[in-house]
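Engineer: Provided below are the primary sequence and the corresponding predicted coordinates.
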Amino acid sequence: MLRAFFIFLSKADWAQRIITNWKFAWRMASRFIAGETQEDALDVVRQLNQQGILATLDHLGENTEDQKAAEQFTNDVLSVLAAIHTAGLKSNVSIKLSQLGLVLDPEMAYANLTRILDRARQYQNFIRVDMEDSTLTEITLELVSRAKAAGYDNVGTVIQSYLYRSEDDIRQLAQKGIKVRLVKGAYKEPSSVAYPKKADVDAAFDRLTKLLLSKEAEIGFYGGSGDGLFPPLAAVASHDVKRIRFAREMLKQLDLPEKSVEFQFLYGIRRDLQQELNRLGYPVRVYVPYGTHWYPYYMRRLAERPSNVWFFISNFFQK
């Protein structure tokens, strides 16, 4: 019930206007968000790299309302790609197609996507297209597949284990050689398209991990490029120790090296586990969000982490 409440808040404009004016809200959000500027985010990436950990940068925002805003987001991504290259950092960039105008015009979004992929290719970098709610799943995968078919080998995407369709999607993506970050899913979805029970989502996550790594073994995409910019076919993005343990066991069963999978974490969560996996020789990448549009992202993190909810609610009613 609390999860549904915070997902509701993530979409409520009235709540955003109120909560973003609370100083305590930003203090809490800053645990999960690198800062509001590109410079803040690059500093965090630099610190992660010094610890041997990779990154992917996400300029927060979604569902742009006009062409001008979509072009601005595109230019912001081009800017951060240049900054990563100039600084010699080991970081990809993650984007949402709704930032690039997907809801307004898919062709506009695709044109902006290819601009970004061209610049990333110039810098020998990789772009991860994040997944949004289920209403955009089909068109997102369509545009990613179109880019791959057009020769962009530096594009990958995200699959959510709570969607019933995800097994078929992973099979098709792997067949095309499109790299996948596997997540559980953070949006409120109807039971007609997604598993409503956590146990079923976890079971699906393990099945999809096995499928991805089996495809990795079959195709032979071991370890990406080795320089921290191009990931392997499979990225397991979870803070759940059981899911991570399952992935490690599958590597052993399939006789795959550690670098065949990349373990990915959200910034500010399970730093101890990040360090442990890094020490054991697994590639670890941290998803580093930044920007002024932090409110929806933060609400979804609260929905996922009950341990943070009581502090938030107690401060809410003190207001």
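Structural biologist: Received, thanks.
Engineer: which residues touch the residue sitting nearest the centre point of the chain?
Structural biologist: The centre of the chain sits closest to Asp130, judged by CA atoms, centre = their mean, with a distance of 5.4 Å. Contacts for Asp130 (CB atoms under 8 Å, 6 or more residues apart in numbering) come out as 58, 94-96, 157-158. Backbone N, C-alpha and C define where each C-beta goes, glycine included.
Engineer: low-confidence stretches in the stretch 1-150 of the chain?
Structural biologist: Applying pLDDT under 70 to the stretch 1-150 of the chain flags residues 1-27.
Engineer: tell me where it has strands.
Structural biologist: Applying DSSP state E, counting those that start in this stretch to the stretch 1-150 of the chain gives strands spanning 54-59, 91-95, 127-129.
Engineer: equivalent analysis for the stretch 201-319 of the chain, please.
Structural biologist: Secondary structure of the stretch 201-319 of the chain (DSSP E, counting those that start in this stretch): strands located at 234-237, 261-266, 284-290.
Engineer: so which of those gets nearest Ala29?
Structural biologist: Ala29 lies closest to strand 284-290 among the strands of the stretch 201-319 of the chain, at 9.8 Å (CB to CB).
Engineer: buried ones in the closest one?
Structural biologist: Buried residues in strand 284-290, counted by 16 or more other CB atoms under 10 Å: 284-290.
Engineer: excluding covalently adjacent residues, which one is nearest to the residue nearest to the centre of the chain?
Structural biologist: Closest residue in space to Asp130, ignoring its immediate chain neighbours: Lys96 at 4.9 Å, by CB to CB, 6 or more residues apart in numbering.
Engineer: quick check: the one you found touching Leu60?
Structural biologist: No - with contact defined as CB atoms under 8 Å, Lys96 and Leu60 do not form a contacting pair (9.2 Å).
Engineer: give me the more crowded residue out of the two.
Structural biologist: Lys96 (23 against 19; other CB atoms under 10 Å).
Engineer: and that one, what is it in contact with?
Structural biologist: When contacts are counted by CB under 8 Å, 6+ apart, Lys96 is found next to 61-62, 102, 129-130, 132.
Engineer: what residues go with each domain of the chain?
Structural biologist: Here the domain parsing of the chain from automatic domain parsing is 1-33+294-319, 38-292.
Engineer: and among those, the most buried is which?
Structural biologist: Of all the domains of the chain, domain 38-292 has the most neighbours on average by mean count of other CB atoms under 10 Å, namely a mean of 18.
Engineer: on that earlier part again, pipe the buried residues of strand 284-290 into CSV and attach pLDDT and distance to Ser145 per row.
Structural biologist: Output for the buried residues of strand 284-290, formatted as CSV (pLDDT from 0 to 100; distance: CB to CB, whole Å):
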residue, pLDDT, distance to Ser145
Val284, 97, 28
Arg285, 97, 23
Val286, 98, 27
Tyr287, 96, 23
Val288, 97, 27
Pro289, 94, 26
Tyr290, 93, 29
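Engineer: how close does Ala237 sit to Leu266?
Structural biologist: From Ala237 across to Leu266, the span is 8 Å (CB to CB, to the nearest Å).
Engineer: can you give me the helices in the stretch 101-250 of the chain?
Structural biologist: Here the stretch 101-250 of the chain has its helices, by DSSP state H, counting those that start in this stretch, at 106-122, 137-149, 166-176, 198-219, 241-253.
Engineer: I'd like the ones you listed laid out as a markdown table, including distance to Glu36.
Structural biologist: Output for the helices of the stretch 101-250 of the chain, formatted as a markdown table (distance: least, CB to CB, whole Å):
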| stretch | distance to Glu36 |
| --- | --- |
| helix 106-122 | 22 |
| helix 137-149 | 27 |
| helix 166-176 | 33 |
| helix 198-219 | 32 |
| helix 241-253 | 31 |
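Engineer: what's the closest of the ones you listed to Tyr187?
Structural biologist: Tyr187 sits nearest to helix 137-149 of all those, at 10.3 Å, using CB to CB.
Engineer: quick one: residues in contact with that closest one.
Structural biologist: Contacts of helix 137-149 (CB under 8 Å, 6+ apart): 97, 102, 106, 109-110, 113-114, 117, 129, 131-132, 155-157, 163, 165, 169, 172-173, 176-178.
Engineer: what does stretch 243-259 give?
Structural biologist: With CB under 8 Å, 6+ apart, stretch 243-259 has contacts from 202, 205-206, 209-210, 213-214, 216-217, 222-224, 226, 232, 236, 238, 260-261, 263, 273, 277, 280-283.
Engineer: tell me the two of the contacts of Asp130 that are most distant?
Structural biologist: Greatest spacing in those, by CB to CB: Asp58 and Thr157 (13.9 Å).
Engineer: now Ala203: how far from Ala55?
Structural biologist: Taking CB to CB, one finds Ala203 at 30 Å from Ala55.
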